[in-house]
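Novice: give me a model of this one.
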Amino acid sequence: QQSLKKGNTWGYHEWLRNVLQLDGSGESPQIKFGNYSNLVERWANVFGAQNVVVVIVDESTPNLIFDAFHEILNLKPDSIVKVKDSALNRSLTTEETVLLAALNESFKNEGSWKEYSTFVRNHIVKSWSGREASQDHTKIHTPEWAIDKAVEIAERNVAHLKELNVKVLGDLEHLASRNVLIGDTSESSVIPARLASETLLNLQRRFAKRLQRRDDRIKRLLAQKRPLYKVILRRFKK
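Specialist: Residues are numbered from 1 along each chain as shown. Sure, this is the predicted structure:
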């Protein structure tokens, strides 16, 4: 999903084959990135294994990362707290990823990165992930062949981390768990009408707000008792 949020147009299965490198073309940059134990080893070689702490993130224990940093920094309990009014930031649904891929394809051919960041990445995607998913949407399932490969990679990392003798907070074996939704998610091109209409309305609101801010800036400039060309020239120099 992070790849989609950066403007990629790959479907989920295509992305999985790329990052897991199942086409026989050799090791990909994503696989190298997935070998996180090698990164930990580099840090341990520089700072010493006794000075490196690996924190295992687990969605079932969301406070673990806060507790871990309390321990690492020797802070009093609850010194680091989660922001109460923070956005939900959930994963996108299957239907949302299909629409996002279609939007990405359109912007790739006709739009600019600035427009994409403004209207899609920083508005549409955030509006989706900041609210509860619609009940008629489906969660993304991962095919078993991809899970098998991911677990294989994770098990190598776990074994390597154990050899490094760095401090680990959390369950190291969780890295190689199969605690995901297993199945063959259909990569349908059908986008629910409700999702499409809500997205169009969100774009219209965003565009209207930007136009209003532009008009307000123009009014403020015109209200200044100076020649407009001098005001524009000053802004340009800044």
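Novice: quick check: mean pLDDT of stretch 151-158?
Specialist: What stretch 151-158 shows for mean pLDDT is 90.
Novice: residues contacting that stretch, please?
Specialist: Counting contacts by C-beta atoms under 8 Å, 6 or more residues apart in numbering, the residues outside stretch 151-158 that touch it are 20, 31, 34-37, 172-173, 175-176, 178. C-betas here are computed from N, CA, C, even on glycine.
Novice: of all those, which comes closest to residue 48?
Specialist: Ranking these by separation from residue 48, with C-beta to C-beta as the measure, puts residue 37 on top at 16.6 Å.
Novice: just to revisit the earlier point, among the contacts of stretch 151-158, which has the minimum pLDDT value?
Specialist: residue 31 (51).
Novice: that older thread, so among the contacts of stretch 151-158, which ones count as buried?
Specialist: The neighbour-count test (16 or more other C-beta atoms under 10 Å) marks 20, 34, 36-37, 175-176 as buried among the contacts of stretch 151-158.
Novice: which residues does residue 103 contact?
Specialist: For residue 103, the contact set (C-beta under 8 Å, 6+ apart) comprises 120, 124.
Novice: now swap in the one 3 residues further on and tell me
Specialist: For residue 106, no residue meets the contact criterion (C-beta under 8 Å, 6+ apart).
Novice: I'd assumed it was in a strand, is it?
Specialist: No: using DSSP: H, G, I helix; E, B strand; the rest coil, the assignment for residue 106 is helix, not a strand.
Novice: show me what secondary structure element comes after the helix or strand bottoming out on mean pLDDT in the chain.
Specialist: Counting by mean pLDDT, DSSP states H and E, the weakest-scoring helix or strand in the chain turns out to be helix 29-34, with a mean of 53. Tracing the chain past helix 29-34, the next element assigned as helix or strand by DSSP states H and E is helix 36-47.
Novice: quick check: which helices or strands does the next helix or strand after that next one pack against?
Specialist: Elements were assigned by DSSP H and E; along the chain past helix 36-47, the next helix or strand is strand 53-55. Applying 3 or more C-beta pairs under 8 Å, 6 or more residues apart in numbering; DSSP states H and E, one finds that strand 53-55 makes contact with helix 64-72, strand 167-169.
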